[in-house]
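Peer 1: with the sequence up front, the predicted model follows.
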Amino acid sequence: MRKIFIIHKIKKLFLNEKLILVIIILNAIILFLQESGFNGNIITILDICCSTIFIIEMGVKLAEFGFKGYWSSGWN
C-alpha cells in the first residue's frame, strides 16, 4: 500500500507542469553560465540534476500517456 502511495506522489510531482517549467528555466540559466565561462562543480552537479529530472519526467509521462500520447504534446 505504501509503495502505491509513493508511486502516486512521484507521478503527481512529475506531471506538474509548473515544476517542470521552473526546472527548464533553471537549466537555461545553468547553460548560460556554462557558456559564459563560469564552470564549477556546483554548476556541473546542477546540470546533471536537471538532466536526471528530465529523464525521470520522460519515463513517468511515457508510462502515464503511452508512446503516442507522450509525443503528441508539443511540450515533450
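Peer 2: Yep, it's here. Numbering: from 1, shown residues only.
Peer 1: now the spatially most central residue of the chain, nearest residue through space, not along the chain?
Peer 2: Note on the chain: the residue nearest the mean C-alpha position is F54, at 2.8 Å, using CA atoms, centre = their mean. In this structure, F54 finds its nearest non-sequential neighbour in I23, 7.3 Å apart by CB to CB, 6 or more residues apart in numbering. C-betas here are computed from N, CA, C, even on glycine.
Peer 1: isn't that neighbour right up against C50?
Peer 2: Yes: here I23 reaches C50: they are 5.8 Å apart, a contact under CB atoms under 8 Å.
Peer 1: look at these two and report which has more neighbours.
Peer 2: Neighbour totals were compared for I23 and C50, and C50 leads with 18 against 15 (other CB atoms under 10 Å).
Peer 1: what helix or strand is N39 located in?
Peer 2: N39 belongs to no helix or strand when elements are defined using DSSP states H and E.
Peer 1: now the helices for this structure?
Peer 2: If DSSP state H is used as the criterion, the helices of the chain fall at 2-14, 17-35, 41-72.
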